[in-house]
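Peer 1: Just a sequence and a predicted model for now, questions to come.
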Amino acid sequence: MEIEHISYTAEMVDGLHQSVMLYKALLEQAKKETASDQEAYEIADHVFKNMMKVSE
């Protein structure tokens, strides 16, 4: 099995970092507003996915 080496551009790395930071902020806010971590992750996932769909 071969593993392909992928090179990432600075823009790709920056975009990934921004996505991670956005998700982190969404999750932190959801944790403040819910009683369980599971529910917070579900809310953060839902909001993040919808934001990504809108941006396409």
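Peer 2: Now that the structure is in, tell me what you want to look at. Numbers count the residues shown, from 1 in each chain.

Peer 1: if I look at Gly15, how far off is Met52?
Peer 2: As judged by CB to CB, to the nearest Å, Gly15 and Met52 stand 12 Å apart. Where C-beta positions appear, they are placed from N, C-alpha and C, glycine not excepted.

Peer 1: And the helices in the protein?
Peer 2: 10-33, 37-55 (DSSP state H).

Peer 1: out of those helices, nearest to Glu4?
Peer 2: Taking CB to CB, helix 10-33 is the member of those nearest to Glu4, at 15.4 Å.

Peer 1: contact partners of that closest one?
Peer 2: Tyr8, Asp37, Glu39, Ala40, Tyr41, Ile43, Ala44, Val47, Phe48, Met51 (CB atoms under 8 Å, 6 or more residues apart in numbering).

Peer 1: let's see it at 10 Å
Peer 2: Outside helix 10-33, the residues that touch it by CB atoms under 10 Å, 6 or more residues apart in numbering are 6, 8-9, 37, 39-48, 51-52.

Peer 1: Equivalent analysis for stretch 40-52, please.
Peer 2: Residues from elsewhere that reach stretch 40-52 (CB under 10 Å, 6+ apart): 19, 22-34, 36.

Peer 1: Adding mean pLDDT, distance to Glu2 and mean neighbour count, write the helices of the chain out as a markdown table.
Peer 2: What follows is the helices of the chain, written out as a markdown table (pLDDT from 0 to 100; distance: least, CB to CB, whole Å; neighbours: other CB atoms under 10 Å):
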| stretch | mean pLDDT | distance to Glu2 | mean neighbour count |
| --- | --- | --- | --- |
| helix 10-33 | 95 | 22 | 12 |
| helix 37-55 | 95 | 30 | 13 |
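
Peer 1: of the contacts of stretch 40-52, closest to Glu56?
Peer 2: Ser19 (13.3 Å).

Peer 1: how much space is there between that closest one and Ala25?
Peer 2: Noted for Ser19: a distance of 11 Å to Ala25, by CB to CB.
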